[in-house]
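Enquirer: this is a predicted model, with the sequence first.
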Amino acid sequence: LFITAGLFVVSGRLLAHHSAAGLFSRDEEIILSGTVTAWRFVNPHPALVFDVKTESGAVESWTGTFNSPAALRRIGWSRTTFKPGDPVTILGNPFFGGQKTIFPLVTTTPDGKKHLNREPRVNKQYAADAIRPPGGVEP
């Protein structure tokens, strides 16, 4: 009875988790620069909302969806890493289907430091000066 109950608990958690591979284009990488409008450091995935000015001058609202808060804490991030008005640049994989969402690979924080969230496949040179700290997020 205990084993059966344990299997139900574990299987529910396994089904609830999802992979970014099915949501974001791993073969396409884009670089976006903009201004932070909101930083939500919450479970299961923190979100950074930022405005990007297009070539035509229009402003688009984008959302960066990150790994867990625990993973971000290991690289020194917190609820105060970003605040509205901060500049941000993200190299990442865009969401399939045109939704303005990006899975960040390299994020440049307001202090100008590049943080490697996951190894880029295409733009490896862009991430060359990003340093993975001891105990940092593994790809």
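Expert: Ah, there it is. Numbers count the residues shown, from 1 in each chain.
Enquirer: is residue 57 in a helix, a strand, or coil?
Expert: coil (DSSP: H, G, I helix; E, B strand; the rest coil).
Enquirer: how near is it to residue 73?
Expert: Look at residue 57 and residue 73: by CB to CB, to the nearest Å, they are 38 Å apart. Any C-beta I mention is one placed from the backbone N, CA and C, and that applies to glycine too.
Enquirer: looking at those two, which is more packed in?
Expert: residue 73 (12 against 6; other CB atoms under 10 Å).
Enquirer: next, the buried residues of the helix or strand hosting that one.
Expert: According to DSSP states H and E, residue 73 maps onto helix 69-74. With burial defined by 16 or more other CB atoms under 10 Å, the residues of helix 69-74 counted as buried are 69, 71, 72, 74.
Enquirer: what about the last one, distance to residue 67?
Expert: Between residue 74 and residue 67 the computed distance is 10 Å (CB to CB).
Enquirer: for the buried residues of helix 69-74, give me a markdown table that also has distance to residue 46 and pLDDT.
Expert: Below are the buried residues of helix 69-74 laid out as a markdown table (distance: CB to CB, whole Å; pLDDT from 0 to 100):
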| residue | distance to residue 46 | pLDDT |
| --- | --- | --- |
| 69 | 6 | 95 |
| 71 | 9 | 90 |
| 72 | 6 | 92 |
| 74 | 13 | 87 |
